[in-house]
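>>> Pasting the sequence and the predicted coordinates here, then a few questions.
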Amino acid sequence: MSDFQLAPQHVAFVSWVREKAIEELADLSGDESGRVNRPLVQAMGKLGLLRALFGGEPGSPPRDAAALKLCLLREALAQVNGEAETALALQGLGSYPILQSGTPEIVERWIPRVISGEAIAAFALSEPTAGSDAAALELWAEPDRTGWRLFGEKIWISNAPDADVYTVFARTTRGARAKGVTAFVVPGDAVGLDGSSLDMLSPHPIGRLTFDGVAVDRGDVLGEPDKGFAVAMRTLDLFRPSVGAFAVGMAQAALDATTDHVRTRVVHGAPLARQQAVAHRIADMATQLEAARLLVYAAASAYDNGGDPGGITRRAAMAKLYATEAAQSIIDSAVQLHGAKALQRGHLLEHLYRDVRSLRIYEGASEIQRSIIAREIIGRGATT
Ligand code: COS
C-alpha cells in the first residue's frame, strides 16, 4: 500500500487490520455456501472492525462514517481476506442508511447489534425491472392506518435472505420516480417477508426477497416519506469509493503474486521478468494500480471534507469506475503472466478473477458511473 498522504495512525491502523485478518479471521473464512458467514461477522465484531466502519470508541455512540477509514479498512482486508472484506462492507452498506437517517430509537435498536456482529444488515434497492434505473423501482407501499404495507420484490440483495435488518426502498407515490421513494427499516423476521438465495459465479451471500403485505409504521421510515431516494444516493456516495478500495486491494494482491512469480519462474533459461514484454506489463499494472489508489483516496478525502455535493458524487463515481476497471485488467494480466496454474481451482488468482467481475456491476455499473460523471461535467459545468 502506498502511503499517499496517510497519517502515521492510519498506516498503523492498516497494519493492525491486516495482522488481525491473517491471525484471527483466516480460520473462519473459506465458506463457499453463498450464505452469510455469521461466525466470521461476529469475530469481526469482537475485533472492533465493524465499529471502525462508523468510528467512535467502544461504549460510546458511533459517529458518522469516515470514507477514508472505510477505504483503508476495505483495501487492507481485500489484500488478505476477500470474504471478510465483503462481509464487513455489506454490514456497512446495509446499516449506514439507518445511522445516516434513522431516528435515535431506530439507531439504538439496530446499530449496536450490527457493530457487534450479532445482527446482519442488508441494503435492498434493486428490483427485477429497476437495476441501473433505481428511480423506476416499483415495490409498493400501500398506506394503512398506522403506516404502510409493502408489496413486491427485490433482487440481487447482498446478505438476503439471511439478514436480520433490511433497509428497503419502496414506492410511496406512484408516477413520481425519485420523488416518490421512501426508505424503511424492515426486520428480517417480519411477517410477509420471504426470500431465497441466488447461486453466483463467485460464492457470495445474495438473494431475492418477496414482500407480501409486510407492515411498516411511521417510526420505521428513514428520513422522510418520499425522500428516500436521496438516502440511497448519499449511501452510495460513501460506498462507491470504497468499492474502488476493495478493487485496489485485490489488484495489489494480484500484482504482488505476479511480481514474485516473474522473478522466480525461469523460462528459456532466464527469469520471466527479464523479458521486456513481461517487465513492461508489470510496469503498466503498477501504474494503473497507483492511479486507481490515488482516485480512491482523493474521493474519500472529498467525502470527508464535505463541500460541493456534486463534486463528492463525481469523484465517487470516478474512483469506482476507474479502480474497478483497472483491477479487472490488472488481475487479467496477472492470470496471463502466471499461465494455466492461475486457472486451477483454489489458486489465489482464480479466486480474484471470479471475485473482481461483479465490482464493475454492483453499486452502479461502470456505464452508470460514466453517466454520473458526464452529467456533472457537461450538464453542470463542473471542472475536475
Ligand atoms: N445525493 C443526494 N441526492 C441525490 C444524489 C446524491 N448523490 N443523487 C441524486 N440525488 C437526488 C437528486 O438531487 C434528485 O432530487 P431532486 O429531484 O429533489 O433534485 C433525485 O435524487 C433524483 O436524482 P436524478 O435526477 O439524478 O435521478 P436519475 O433517475 O437520473 O438517476 C442515477 C440517478 C442513475 C444516479 C441512479 O439511478 C443510480 O445511481 N443508479 C444506479 C443504482 C445503483 O447503484 N444500484 C446498485 C444498488 S446497490 S448494489
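Right, received. Where do you want to start?

>>> Let me see the ranges of the helices in the stretch 201-350 of the chain.
For the stretch 201-350 of the chain, the helices defined by DSSP state H, counting those that start in this stretch occupy 228-264, 276-305, 309-338, 348-355.

>>> Which of the ones you listed sits closest to F151?
Of all these, it is helix 228-264 that lies closest to F151, at 16.5 Å by Cβ to Cβ. C-beta: built from backbone N, CA, C; applies to glycine.

>>> Okay, buried residues for that closest one please.
228-255, 257-259, 261-262 (16 or more other Cβ atoms under 10 Å).

>>> Then stretch 128-143?
For stretch 128-143, by 16+ other Cβ under 10 Å, it's 130-131, 134-135, 137, 139, 141.

>>> likewise stretch 211-224?
211, 214, 216, 220-223.

>>> who in the stretch 251-384 of the chain is up against the ligand?
Residues of the stretch 251-384 of the chain lying close to the ligand by Cβ under 6 Å from any ligand atom are 309, 313, 362-364, 368, 372.

>>> filter those to the buried ones?
Looks like those have 313, 362-364, 368, 372 buried, using 16+ other Cβ under 10 Å.

>>> Between which two of the residues of the stretch 251-384 of the chain next to the ligand is the distance greatest?
P309 and Y362, at 22.6 Å, using Cβ to Cβ across those.

>>> L47 and E19 touch, don't they?
No: using Cβ atoms under 8 Å, L47 makes no contact with E19, being 10.5 Å away.

>>> Could you pull out the residues contacting both of those two?
Contact with both L47 and E19 is made by no residue, according to Cβ atoms under 8 Å, 6 or more residues apart in numbering.

>>> And those two? Which one has more around it.
Using other Cβ atoms under 10 Å, the more surrounded residue of L47 and E19 is L47, with 19 against 12.

>>> And for the more buried one, nearest residue in space, chain neighbours not counted?
The shortest distance from L47 to any non-neighbouring residue, by Cβ to Cβ, 6 or more residues apart in numbering, is to K20 (5.3 Å).

>>> isn't that neighbour right up against A52?
No: using Cβ under 8 Å, K20 is not in contact with A52; the gap is 10.7 Å.

>>> These two - which one has more neighbours?
The residue with more neighbours, out of K20 and A52, is A52; 23 against 20, by other Cβ under 10 Å.

>>> for that one, what are its contacts?
13, 17, 69, 73.

>>> Can you tell me how far the second one is from the ligand?
In other words, V17. 24 Å (Cβ to the nearest ligand atom, to the nearest Å).

>>> Wait, that residue touches L77, no?
Yes: between V17 and L77 there is a contact under Cβ under 8 Å: 6.3 Å.

>>> which residues do the two both contact?
Going by Cβ under 8 Å, 6+ apart, residues that sit against V17 and also against L77 are L49.

>>> Spell out which residues of the stretch 101-250 of the chain are next to the ligand.
Counting by Cβ under 6 Å from any ligand atom, the residues of the stretch 101-250 of the chain near the ligand are 123, 125-126, 132-135, 178-179, 229-230, 233-234, 236-237.

>>> Next, give me the two most distant ones among those residues.
Using Cβ to Cβ, the pair of those lying farthest apart is F123 and K179, separated by 20.6 Å.

>>> Tell me which of the two has more neighbours.
The residue with more neighbours, out of F123 and K179, is F123; 28 against 13, by other Cβ under 10 Å.

>>> what's the domain layout of the protein?
What automatic domain parsing lists as the domains of the chain is 8-120, 122-226, 229-380.

>>> got the ones you listed as TSV, with mean pLDDT columns?
Converted to TSV, the domains of the chain look like this (pLDDT from 0 to 100):
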stretch	mean pLDDT
domain 8-120	91
domain 122-226	97
domain 229-380	97
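
>>> can you tell me which residues contact the residue nearest to A257 when sequence neighbours are not counted?
With sequence-adjacent residues excluded and distances taken as Cβ to Cβ, 6+ apart, A257 is closest to L348, at 5.7 Å. L348 is in contact with 253-254, 257, counting by Cβ under 8 Å, 6+ apart.

>>> Swap in 10 Å and give it another go.
Neighbour list for L348: 82, 253-254, 256-257, 334, 338, 342 [criterion: Cβ atoms under 10 Å, 6 or more residues apart in numbering].

>>> which ones are touching the residue in the stretch 251-384 of the chain that the ligand sits nearest to?
Here the stretch 251-384 of the chain gets closest to the ligand at one residue, G364, 3.3 Å apart by Cβ to the nearest ligand atom. Applying Cβ under 10 Å, 6+ apart, we find G364 in contact with 131-132, 134, 233, 236, 239-240, 243, 316-317, 320-321, 370-372.

>>> Apply 7 Å and report the result again.
236, 240, 320 (Cβ atoms under 7 Å, 6 or more residues apart in numbering).

>>> Show me which of the buried residues of stretch 211-224 is closest to the ligand.
Closest to the ligand, out of all of the buried residues of stretch 211-224 and judged by Cβ to the nearest ligand atom, is G223, at 11.0 Å.

>>> How about the closest one, nearest residue that isn't a chain neighbour?
S101 (4.0 Å).

>>> Verify the stated contact: that neighbour with V231.
Yes: using Cβ atoms under 7 Å, S101 is in contact with V231, at 5.0 Å.

>>> Mutual contacts of these two, please.
With Cβ under 7 Å, 6+ apart as the test, S101 and V231 both reach 183, 222-223.

>>> Which ones among these map onto strands?
Here DSSP state E is the test, and the shared contacts of S101 and V231 give 183, 222 as lying in strands.

>>> Just confirm L150 is within a strand.
Yes: counting by DSSP: H, G, I helix; E, B strand; the rest coil, L150 is part of a strand.
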